[in-house]
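Novice: Curious how this folds, go ahead:
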Amino acid sequence: MHRPMDESVNEAVPSATRPHPGESAGPWSTAPRPSGGIPDPARVDPAVLGVLLDRHGWRRRGGLPGRYSRWTPPGPPAPPGGGTSLLVPDTTAFPDGEDLLGEALTALARSAAPSAREVLVSLAVPSDEIRWWRGVPEPVAGAAGAAGWTGAERLHGAAGQFLLAGALAVRGRAGYHGARHRRRARAALDGVLVGPAPGGRHLTAFVPVEPGRALTVRLHHALHATRDAVDYQRATGGLEAFDAAVEAGVSRELTEALIALVRGSEGAGIALEWAPAAGAPEGCPARPEPVEFSPGDLPALRRAGARYLRDEPAVTVRITGTVERLRRPAPRGAGIVRLRVLAGAEVPHVRLELDEEAYRIAGHAHLVGLPIRVEGRLESRGGFRRLTRTAQVVPVQVDEAERDRLMKSLQENVDHFEEACTGE
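Specialist: Have a look, this model is predicted:
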């Protein structure tokens, strides 16, 4: 067994939770062993663990170069008898390396420090980290640095909007996405994990490298493009930089997320960190600079969002969908139809007005359990949920299994069709 040169052969290998010199074992060493959630030491790279400890504020307190290093938790130094150090091997090539690494991971799992949980999450699922923080005025923050309930809710809500804006930008570049692509964008966020957020002022999301790296890269570029565009607007009064920023992933959805993050605070910021095991993606710095926004940036963000909403053009589409609702004010004449979109547009539903003949075709197709196909322009007004200038309304043949499913749906929603027939 390989041991440090300053240890006797008869001495035991240092424990991963051994107290720092001059300190006795603290609460970590006496906490109950967790039942699960500890990564397999055989799959953990000690170098990656060291990078994560440093990133999350742990302090290196010496050790034996080439063999192991000692780390102490973030925060002020613990009083004598109240602190514990973490022993991390530099490599698992030595016979006792994997055992020491397992003890270090167990110590992290026993720790009450939020940073310890975040390190374990990053080890279990190699992830890029996105951090948000808000500066809350002290009278609102209250005792012990805690934030108010409303502030914590706002932080979570803004972070969710920010991630969704990034997922939408991965699907396609647009100044305003509206209802387009939202179903797939939300599905792309299913694997994102949220770290502990003590005090309600900070929040961390862990985006798995596979398949989430495209999301974090897009957010990195969009975030810096937004900061540059805001600076340009505040210096010149022009919004031209926001037009070019669309290609980087900036959109109304992103500006709305930043407004929600900054509003009611003294300032807010976002930082991205790449997964150490995967390294930095091509074209991105190894350690991206945090990006901060202040209340003084809000007017520029609001103006840009309004510009994106106003200028995003309508889209010509050919949609196939099932009729979910029909309504018209009289037994005859034009009426309003609501379709559940099956193909032709990345929106879940659209609303369209049809003339009497097209309305009759839609009603008959609904009765016999057939979808219809219709051409028109998907308007940005209302979030791309309205189809105008409709034409070529025709039923679409489907196989028997799909037809049976549609007929079952019709029976479950027959009240909607009865309302349309009676003119209610």
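Novice: In this structure, spot the helix with the most residues.
Specialist: The longest helix of the chain (DSSP state H) is helix 209-236.
Novice: rounded to a whole number, what's the mean pLDDT of it?
Specialist: The pLDDT scores in helix 209-236 average 96.
Novice: buried residues in that helix?
Specialist: Within helix 209-236, the residues that count as buried by 16 or more other Cβ atoms under 10 Å are 209, 212-213, 215-230, 232-233. Yep, even glycine has a C-beta here, placed from its N, CA and C like the rest.
Novice: Which residues outside the helix or strand following that helix are in contact with it?
Specialist: Once helix 209-236 ends, the next helix or strand along the chain (criterion: DSSP states H and E) is helix 240-245. Helix 240-245 is contacted from outside by Gly175, Ala222, Ala225, Thr226, Asp228, Ala229, Tyr232, Gln233, Val250, Ala304, Arg307, Tyr308, using Cβ atoms under 8 Å, 6 or more residues apart in numbering.
Novice: neighbours of Thr322, just the number please.
Specialist: Each residue near Thr322 was counted by other Cβ atoms under 10 Å, and the total is 22.
Novice: With just CA atoms, put stretch 353-364 into PDB.
Specialist: What follows is the C-alpha trace of stretch 353-364 in PDB, where atoms were taken according to Å, rounded to 0.1, in the frame of the first residue of the first chain:
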ATOM      1  CA  GLU A 353     -62.700  31.800 -38.300                       C
ATOM      2  CA  LEU A 354     -64.300  29.900 -41.200                       C
ATOM      3  CA  ASP A 355     -67.000  30.900 -43.600                       C
ATOM      4  CA  GLU A 356     -70.300  29.000 -43.700                       C
ATOM      5  CA  GLU A 357     -69.200  26.300 -46.200                       C
ATOM      6  CA  ALA A 358     -65.800  25.700 -44.500                       C
ATOM      7  CA  TYR A 359     -67.500  25.700 -41.000                       C
ATOM      8  CA  ARG A 360     -69.900  23.000 -42.300                       C
ATOM      9  CA  ILE A 361     -67.000  20.900 -43.600                       C
ATOM     10  CA  ALA A 362     -65.300  21.200 -40.200                       C
ATOM     11  CA  GLY A 363     -68.500  20.200 -38.400                       C
ATOM     12  CA  HIS A 364     -69.000  17.100 -40.500                       C
END
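Novice: what sits up against that stretch?
Specialist: Residues outside stretch 353-364 that contact it (Cβ under 8 Å, 6+ apart): 323, 326, 328, 332-337, 372, 374, 388, 390, 393-395, 417, 420-421.
Novice: Out of those residues, name the ones that lie in strands.
Specialist: Val323, Leu326, Gly335, Ile336, Val337, Ile372, Val374, Thr388, Thr390, Val393, Val394, Pro395 (DSSP state E).
Novice: Show the end-to-end separation of stretch 56-74, please.
Specialist: 8 Å (Cα to Cα, to the nearest Å).
Novice: Tell me how far that stretch lies from the chain's centre.
Specialist: Put simply, stretch 56-74 sits 32 Å off its chain's centre (Cα atoms, centre = their mean, to the nearest Å).
Novice: cool, and stretch 254-270?
Specialist: Remark: stretch 254-270 is offset 15 Å from the chain centroid, using Cα atoms, centre = their mean.
Novice: What residues sit buried inside that stretch?
Specialist: Buried, per 16+ other Cβ under 10 Å, within stretch 254-270: 254-262, 264-265, 267-270.
Novice: Go through those residues and say which is closest to Pro46.
Specialist: For the buried residues of stretch 254-270, the minimum distance to Pro46 (Cβ to Cβ) is 29.7 Å, reached by Ile270.
Novice: name the element the residue nearest to Ala167 when sequence neighbours are not counted belongs to?
Specialist: Distance criterion Cβ to Cβ, 6 or more residues apart in numbering; nearest residue to Ala167, sequence neighbours excluded, is Ala185 at 3.7 Å. Secondary structure assignment for Ala185, by DSSP H and E: helix 182-188.
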